[in-house]
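# my questions concern the predicted model and sequence given below.
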Amino acid sequence: MPDQLIFGMEVFLNGLMAGVLYALVALGFVLIYKASGIFNYAQGVMALFAALTLVGIMEGQVPFSHLINAIFGTEIHHFGWHVPALAAILLTMVVMVALAWAVNTFIFKHLVNQEPIILFMATIGLAYFLEGFGDMMWGSDIKTMDVGLPQGINEVIDETTAGWFGYGFFIDNLDIVATVIAAALVFTLIVFAQYTKQGRAMRAVADDHQAALSVGISLNFIWVMVWSLAGFVALVAGIMWGTKSGVQFSLSLIALKALPVLMLGGFTSIPGAIVGGLLIGVGEKLFEFAIGAPYLGGATEIWFAYVLALIFLVFRPQGLFGEKIIERV
Amino acid sequence: MKQKLLTAIAAVAMVASPALAELTIVDTSYRTGPYAANGIPFSDGYQDYFTLLNERDGGIGGEMINLIECETGYNTEKGVECYEATKGEGALVYQPLSTGITYQLIPKATADGIPLHTMGYGRTSAKAGEVFKWVFNYPANYWDGASLAITHLSEQNDGDLSGKKVALVYHNSAYGKEPIRTLEKLAEKHGYELMLLPVDHPGQEQKSQWLQVRQQRPDYVIMWGWGVMNQVAIQEAVNIRFPMENFIGIWWSGSENDVKSAGAGADGYKALTFHNLGSDYPIYDDIQTHVVDTGNAAGAGDQIGSVLYNRGMYAAMLAAEAIKTAQEMHGTAAINAAQMRDGMENLEMTEEKMAALGLPNFGPEFKVSCENHGGNGFGAVSQWNAEAGEFDLITEYYQSDQEIIQPLVEEDSAAFAEENGIEPGC
C-alpha cells in the first residue's frame, strides 16, 4: 500500500479523535442553547474554571490565597492535603452546580423575555467575570492535570497496524478515553432528555417557555439544571484538554474549536454536536495533510474548519441536525 | 504654628509622594490572560531587582527608582496604551516583553526619544544601531537563536549536518516566522533539509504537525513557540516518542512552565538561553534579605530562581547598568531618556562587573556600540532534568554565525531605513 495512503488513514483516525474532543466542548453550548435559546459565550471559560477548580481541590490549594495573603499579611497557600481525583471531581461538580445557581439567580432570572442578543451579551460579561474570578481564586500559574488518564501512543494499535501495513499508527490513549467518555455522555444525555421527567421538562422549556410555565414547569429549576449539566460537560472537556496542555488560561480558547462544529452540526442537536465534531475533525486534518501542508504552507486547520462550516451553512442554515425555524408573520 | 503645620504637611507629602524618585522605570507586565504564567515570573524578577537596589543601595547613584507597573495582558493595543499612559512620567526605557507591542512601539518610541530594550525578541534587525537609534536588542536576537540551535546540532554531528532533516515547529505569527530565513540560509551552508511546520494561535491542537513529524521523521525539531503552544508541543513529542535530546526550543520555549505538564517524559528536552539558570548566586541572598524578608517581593514571591524570573532580573540588571553608565557619562544621577539611550549604547558587560553584582558568569560578556545594538550573539543550551525539576546549562556560551546573520541584519535594516526615510549613521 502506498505510504501516502497509509499516512492518510492515520490522519483520518486522528481526525476522528480530535473531532470527539471538539464535540465535547460543543455539547455544552448545545445543552444551554437547546433549553434556553442562549448562545453561551462563557462555555470555554466554564471549562477552564472547572479544570482550575478540580486541580485546586485535588492539590489542596487555598482558594483566593493571594488575596487573603495580600490583605492579612499571611503566607497560606495550601491546606496540606491531597484529595483523590474522584472525590475532587464530585466536589468540583458541587461548585459547578453552585455556579449554575448563581448564574441563573443573579443574571438570567432578570433577563427572561429579553432579546437573544441581550442574553448573548450577558454571557460575554459572564465569561470575563469568570476568567478574572478563576484567576483570583486559583492563580495564573500552569497546573498539571493528573486524574490518572492514560496518555501516549496506544501500543496495541501501533503493533497491530505495524503488522498489517508495516507502519504503526499513532493513536493517543487519551483520545481513546475521550471517545469512550463522549459516547457515554451523549448516550446518557439522550436517555436523560427522552426518558426522565426532568429531561422531558427540559425539552418542553426548549420548545416553548410560556407553554412549559403554563403546565407548572419551573423555569428556574430547569435552567439551573441545564447550566449544571453544561458545567458537567465543561468539567469533562476541561479534564481532557487540561490533561493535554496543562490547566492554564488559554484553555478558555477551546471554545473557538467548538463554533464550526455547532455551525455544522446545528445548535440544538446533541448527536449533531458529535457528528459535527467528527466531520470537522476529519475534514480539517485531511485537508491539512493532503492540501494545506504540501501546497499552502500548512496551518490551514482553523480556517478550513470555518470554511467547511460556512459551506454547510449556505446550504443548510440550521446545520445538519438543527431544527428548521419557521416563524409565521 | 501655621508655618510648622505647613512644614509638617510638606514633609509628609515628600515622604508619601513618589515624586522624589528620579529614575522612572515602567514594567509593562502581563499578570492576567493566557500568557500570565510566563508574564508573572518575568515581571517579578524585573521588579525585585529594582526593589533590591532601592532597599539595599538607596537606588542607583543615590537616585531612587520609581517603578510603575502597567498590565498589558500581552495584548498589543493595551501595551501601546500603557506606553502612552506612562511615557509622560519620565520613563527611561521600555522593555515590553512582546514582539507585537515592540513593533508598534518602535516608531512611537523613536519619535518620542525613549529607548526600547527588546532582549531576545522584537525586531531582529534593530541590532543595526545606525538605523534603529532608539532600539536595542542585546545580548542576543532571534536570528542568533536560530544559528545557535544549528551550531549545537552541528557539533553533535561532528560539524556535519548534510543529509539531516531539521523541522521547525513554529507559532504561525511574525514572531514564529522570524527564524525561517536564517534557517534557510544556514541550510544552504550546512546542507540540511529544512521542514516547516506552522502552528496556528494559540496552539492547543497540534496533532497534524506531530503526525507529520512522525511520518517524515526529521532528525531534529527546533521549536519557536510561546505559551500553551510549548506545553502542547512537548506533550505531543512525548506522545509520539520523539527523542527529547533532539528537540530544542528557542529561549521563549524553555521555562519550567513549558515542560512540567509533560511530566517525566519531557526529561532531556533542550532550550537555548542567553543567561544563566538557577538561584545559586550571591545576589539571591540579598534578594532574600532586602526584598523577600522585608515583604517587598513582587507578586506572591514564589517565582524566585525560575528561568523567567532570572530573565526578568537579568533585564532589570542590564537596565540598571545602562543607567550607571549614563550617569557616569553625563555626570548626573538624575538622567533622562536621551541620556539613558547613551548609557545603553555604551554599555559593556564584563565578567568582573557581573561578579561584583553578585551574578558571576550569569550571562555572556558583550559590548554595545552605535553600530551594534544587539551584542555579540552569544548563547548557551540548557536541558530539562525532570527528576530535579530544573533546567541545567549543558554548554558554554558560544557565538552565533555572524557570517550569516550580519548580512541579513544589514539587508533588513537598510530596507527599513529606505521605507522610513532614515539616513543611517552614527
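Nice, thanks for sending it over.
# wait, residue B:146 sits on residue B:187?
No - between residue B:146 and residue B:187 there is no contact under C-beta atoms under 8 Å: 10.6 Å. (Glycine included, C-beta is placed from N, CA and C.)
# could you find the closest non-adjacent residue to the residue in the stretch 201-350 of chain B that chain A sits nearest to?
At 3.2 Å from chain A, residue B:261 is the closest residue in the stretch 201-350 of chain B, using C-beta to the nearest C-beta. Spatially, and ignoring its direct neighbours in sequence, residue B:261 is nearest to residue A:246 (3.2 Å; C-beta to C-beta, 6 or more residues apart in numbering or on different chains).
# ok, now how distant is that neighbour from residue B:45?
With distances taken as C-beta to C-beta, to the nearest Å, residue A:246 is found 22 Å from residue B:45.
# just the strands in the stretch 101-250 of chain B please.
Here the stretch 101-250 of chain B has its strands, by DSSP state E, counting those that start in this stretch, at B:116-117, B:135-136, B:165-171, B:193-199, B:220-224, B:247-249.
# so how far is the third one off the chain centroid?
Put plainly, it is strand B:165-171. Going by C-alpha atoms, centre = their mean, to the nearest Å, the spacing between the C-alpha centre of strand B:165-171 and its chain's C-alpha centre is 21 Å.
# what does it contact?
Strand B:165-171 is contacted from outside by B:150, B:153, B:176-177, B:179-180, B:183, B:187, B:192-199, B:201, B:203, B:206, B:209, B:212-213, B:216-226, B:229, B:233, using C-beta atoms under 8 Å, 6 or more residues apart in numbering or on different chains.
# what mean pLDDT does stretch B:164-171 get?
Averaging pLDDT along stretch B:164-171 gives 98.
# now stretch B:357-373
pLDDT averaged over stretch B:357-373 gives 97.
# what's the span of it from first residue to last?
Terminal residues of stretch B:357-373 are spaced 23 Å apart (C-alpha to C-alpha, to the nearest Å).
# same question, stretch A:306-323
Terminal residues of stretch A:306-323 lie 21 Å apart, using C-alpha to C-alpha.
# before we move on, the earlier item: dump the strands of the stretch 101-250 of chain B to JSON lines, plus distance to residue A:304 and mean neighbour count.
JSON lines is the format used below for the strands of the stretch 101-250 of chain B (distance: least, C-beta to C-beta, whole Å; neighbours: other C-beta atoms under 10 Å in any protein chain shown):
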{"stretch": "strand B:116-117", "distance to residue A:304": "38", "mean neighbour count": "25"}
{"stretch": "strand B:135-136", "distance to residue A:304": "38", "mean neighbour count": "28"}
{"stretch": "strand B:165-171", "distance to residue A:304": "19", "mean neighbour count": "24"}
{"stretch": "strand B:193-199", "distance to residue A:304": "14", "mean neighbour count": "20"}
{"stretch": "strand B:220-224", "distance to residue A:304": "23", "mean neighbour count": "27"}
{"stretch": "strand B:247-249", "distance to residue A:304": "27", "mean neighbour count": "26"}
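# re earlier: is it true that the residue nearest to residue B:261 touches residue A:142?
Yes - the pair formed by residue A:246 and residue A:142 meets the contact definition of C-beta under 8 Å, at 4.5 Å.
# ok, back up a step: what about the residue of the stretch 201-350 of chain B closest to chain A, how many residues nearby?
When neighbours are counted by other C-beta atoms under 10 Å in any protein chain shown, residue B:261 registers 25.
# do you know how far it is from residue A:175?
Distance, residue B:261 to residue A:175, by C-beta to C-beta: 17 Å.
# cool, and residue B:204?
14 Å.
# contacting residues for the closest residue to chain B within the stretch 1-150 of chain A?
Nearest residue of the stretch 1-150 of chain A to chain B: residue A:140, at 3.7 Å (C-beta to the nearest C-beta). Residues near residue A:140 by C-beta under 8 Å, 6+ apart: A:248-249, B:31-32, B:36-37, B:40.
# sec struct for it, please.
Under DSSP: H, G, I helix; E, B strand; the rest coil, residue A:140 falls in the coil class.
# any idea of the pLDDT on it?
pLDDT for residue A:140: 87.
# next: residue A:268.
You'll see residue A:268 listed with a pLDDT of 88.
# just give me the neighbour total for it.
Using other C-beta under 10 Å, residue A:268 has 21 other residues around it.
# right, and the secondary structure at it would be what?
Under three-state DSSP, residue A:268 falls in the coil class.
# contacting residues around it?
Residues in contact with residue A:268 (C-beta under 8 Å, 6+ apart) are A:30, A:33-34, A:206, A:321-323.
# buried only: go through those residues for me.
For those, a neighbour count by 16 or more other C-beta atoms under 10 Å in any protein chain shown gives the buried set as A:30, A:33-34, A:206, A:321-322.
# wait, residue A:167 touches residue A:158, no?
No - counting by C-beta under 8 Å, residue A:167 sits too far from residue A:158 to count as a contact (9.5 Å).
# can you list the low-confidence ranges for chain B?
The model of chain B has pLDDT under 70 over residues B:1-21.
# which positions in the stretch 151-300 of chain B make contact with chain A?
Residues of the stretch 151-300 of chain B lying close to chain A by C-beta under 8 Å from any C-beta of the partner chain are B:172, B:196-200, B:202, B:204-205, B:207-209, B:211-212, B:214-215, B:227-228, B:231-232, B:235, B:238-241, B:257, B:260-261, B:263, B:265, B:295, B:300.
# those residues, buried ones only, as a PyMOL selection?
Selection command for PyMOL covering only the buried members of these, criterion 16+ other C-beta under 10 Å:
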select buried, chain B and resi 172+196+197+198+199+200+202+204+205+207+208+209+211+212+214+215+227+228+231+232+235+238+239+240+257+260+261+265+300
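# OK, contacts around residue B:423?
Applying C-beta under 8 Å, 6+ apart to residue B:423 gives the contacts residue B:417.
# any idea how far chain A is from it?
Using C-beta to the nearest C-beta, to the nearest Å, residue B:423 is found at 37 Å from chain A.
# just read off the phi/psi values of that residue.
Per-residue torsions, residue B:423: phi -90, psi 110 (degrees, to the nearest 10).
# nearest residue to residue B:37 in space, please, no chain neighbours.
Closest residue to residue B:37 apart from its sequence neighbours, by C-beta to C-beta, 6+ apart: residue A:142 at 4.6 Å.
# what about the one you found, neighbour count?
Residue A:142, neighbours per other C-beta under 10 Å, totals 26.
# quick check on it: phi, psi?
For residue A:142, the backbone dihedrals (degrees, to the nearest 10) come out as phi -80, psi 130.
# right, I'll call it a day here.
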